[in-house]
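1. need the 3D shape of this:
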Amino acid sequence: MADKDLPVGANDPLNANSLRGRAGDIEAITKLAESLSGLAPDIQRRLLDLYRPATASMAEAEAVAAGGRPSRAGLTRALVYVHGICKHVAGFSNSWWKALHPYTTAFGAGELGKTRREVVWSDIVEARALTAAAAGGREAEERRRLAAEIRETLQDRIDRQAIAAAPRPAPGEAPRPLADARALVEIPWVECVDDFTAYMTNDSIRAAILARFAAVVGPLLRDGVEVDLISHSWGTVVAYEGLRELAAGGLVRPLLGSFFTVGAALSIGAVKRSLRPANRDGARPAMVRRWVNLEAIGDPVGGPLQGRPYAVDDDFPYLAPYGCPSLLGIVNPVCAHSSYFTVGNVAVNRDIFARFINED
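-> Numbering: from 1, shown residues only. Down below sits the predicted model:
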């Protein structure tokens with residue numbers, strides 16, 4: 001992975017006390033999620049509501065470690081970011097916000113922990129996915145099968161891009177075989193696909209991650225704060241299911257102005273089939289006013305969502321992969337998948353993100 005593609009803050013040291021506090025909270029949430037996994041969804045939600053103060057304190061600790069101190073006093077609007085797979089830590093959205101900030105004043109300075117929040121969930125997957133895989137059995141086999149299916153889908157999308165970019169033989173010219181695109185390009189962050197399959201196959205891991213999402217977004221919505229939410233890659237799955245869970249728990253008033261799914265793994269067939277049964281209809285979460293989906297050309301993870309089966313309001317599937325090189329007409333897919341949050345990508349940050357945010 002190129003340096004510019006690393007999650008911001010991935011190498012930043014955290015205070016040892018903060019780390020110990022996070023570990024305790026993560027362990028507590030994990031144990032809670034395991035104990036709830038066999039219960040009915042409505043009972044799970046009620047028990048998670050009782051546990052909310054502890055999960056909220058964990059989210060605040062993360063923001064403090066990143067230099068922000070959460071406060072909802074007097075807050076009327078907030079922007080929430082949800083990251084994708086591979087390791088992310090508090091502060092990952094700093095560069096994302098830097099690309100957007102010139103085009104909107106809706107969140108003021110966008111101070112982390114105040115008008116800008118983050119859902120950081122990769123630590124839960126890292127900690128638990130390895131344990132689940134080591135345990136073997138049916139779950140480990142299901143994870144391997146699902147990971148293989150996802151990789152094949154992503155490779156197929158890259159191959160189709162190579163076919164579309166290949167020169168056509170002139171009339172009367174002999175056919176030419178297509179070069180194997182696998183030698184030219186790589187699947188974005190493929191080494192982390194196995195980790196995310198743990199979300200889709202292990203109920204306790206999924207519940208722990210969704211509890212983390214609810215701990216950040218739920219209190220904002222309950223306090224009447226209008227939220228705009230930008231989710232990326234595999235984080236679109238977390239955000240979508242998290243919002244559906246909050247809506248099922250009674251947060252149905254439209255308090256979320258724009259829900260952005262960017263380079264959405266929700267487009268992958270195996271992912272659609274692995275959503276919780278209640279979420280497979282693709283309905284727009286009840287509190288969302290507008291759902292906007294983005295996909296850059298050459299991004300093999302993202303794809304059109306509108307009507308497939310999702311109730312997306314605005315779909316932008318042909319965005320230019322800003323700043324991305326191409327080889328033999330094939331756009332670098334790693335670059336394309338992260339190009340949305342690049343400073344200078346006006347088409348995304350001004351003409352889509354800020355446009356809809358400023359309209360609310």
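
2. where do the strands sit along the stretch 101-250 of the chain?
-> 116-119, 226-232 (DSSP state E, counting those that start in this stretch).

3. residue closest to the middle of the chain?
-> Gly235 (1.4 Å; C-alpha atoms, centre = their mean).

4. which residues are in contact with the closest residue to that residue other than its chain neighbours?
-> Once flanking residues are discounted, Gly235 sits nearest to Val82: 3.9 Å by C-beta to C-beta, 6 or more residues apart in numbering. Backbone N, C-alpha and C define where each C-beta goes, glycine included. Contact analysis of Val82 by C-beta atoms under 8 Å, 6 or more residues apart in numbering lists Glu118, Val119, Trp121, Phe213, Leu229, Ile230, Ser231, His232, Gly235, Thr236, Val238, Ala239.

5. pretty sure the fifth one contacts Phe259?
-> In this case it means Leu229. Yes - in this structure, Leu229 is within contact of Phe259 by C-beta atoms under 8 Å, at 5.1 Å.

6. so what sits against both of these two?
-> Contacts common to Leu229 and Phe259, judged by C-beta under 8 Å, 6+ apart, are Ala239, Leu243.

7. who's in contact with the residue nearest to the centre of the chain?
-> Contacts of Gly235 by C-beta under 8 Å, 6+ apart are Val82, His83, Gly84, Val119, Trp121.

8. hmm, the last one is touching Val238, no?
-> What that stands for is Trp121. Yes - assessed by C-beta under 8 Å, Trp121 is found in contact with Val238 at 6.1 Å.

9. the nearest residue to Arg280 once chain neighbours are set aside: how many residues sit nearby?
-> Leaving aside its sequence neighbours, Arg280 sits nearest to Lys272 (C-beta to C-beta, 6+ apart; 6.7 Å). Residues within reach of Lys272, counting by other C-beta atoms under 10 Å, total 18.

10. what does Leu251 give?
-> Neighbours of Leu251 using other C-beta under 10 Å come to 19.

11. how close does it sit to Leu221?
-> Applying C-beta to C-beta, to the nearest Å, the value for Leu251 to Leu221 is 5 Å.

12. overlap in contacts of the two?
-> What both Leu251 and Leu221 touch, as defined by C-beta under 8 Å, 6+ apart, is the set Met287.

13. dump the residue contacts of Trp234.
-> Gly84, Ile85, Phe196, Tyr199, Ala265, Val301.

14. C-terminal to the lowest-mean-pLDDT helix or strand in the chain, what's the next element?
-> Here the helix or strand of the chain ranked lowest by mean pLDDT, DSSP states H and E is helix 41-65, holding a mean of 44. The helix or strand immediately downstream of helix 41-65 is strand 77-82, counting by DSSP states H and E.

15. relative to strand 226-232, how tilted is the longest strand along the chain?
-> When the chain is parsed with DSSP state E, its longest strand is strand 288-296. In terms of direction (axes from the mean of the first three to the mean of the last three C-alpha atoms, to 10 degrees), strand 288-296 departs from strand 226-232 by 20 degrees.

16. tell me which helix or strand comes right after strand 288-296.
-> strand 314-319.

17. output the contacting helices and strands for that following strand.
-> If contacts are counted by 3 or more C-beta pairs under 8 Å, 6 or more residues apart in numbering; DSSP states H and E, strand 314-319 sits against strand 288-296.

18. can you rerun that using 10 Å?
-> strand 256-262, strand 288-296, helix 346-348 (3 or more C-beta pairs under 10 Å, 6 or more residues apart in numbering; DSSP states H and E).

19. give me the mean pLDDT for the helix or strand that comes right after it.
-> For strand 314-319, the following helix or strand on the C-terminal side (DSSP H and E) is strand 326-327. Averaging pLDDT along strand 326-327 gives 78.

20. quick check: the residue nearest to Arg280 touching Thr236?
-> No - the criterion here is C-beta atoms under 10 Å, and Lys272 misses it with Thr236 at 11.7 Å.

21. spit out the residues that contact the two alike.
-> Common neighbours of Lys272 and Thr236, using C-beta atoms under 10 Å, 6 or more residues apart in numbering, are Ala265, Leu266, Leu305.

22. next up, the contacts around Pro175.
-> Pro169.

23. contacting residues for Ala311?
-> Contacts of Ala311 by C-beta under 10 Å, 6+ apart are Asp281, Gly282, Ala283, Arg284, Pro285, Val288, Trp291, Leu305.

24. any idea how far Arg244 is from it?
-> From Ala311 to Arg244 the distance is 12 Å (C-beta to C-beta).

25. per-residue pLDDT of Leu188, please?
-> Leu isn't right for residue 188; it's Pro. 62.
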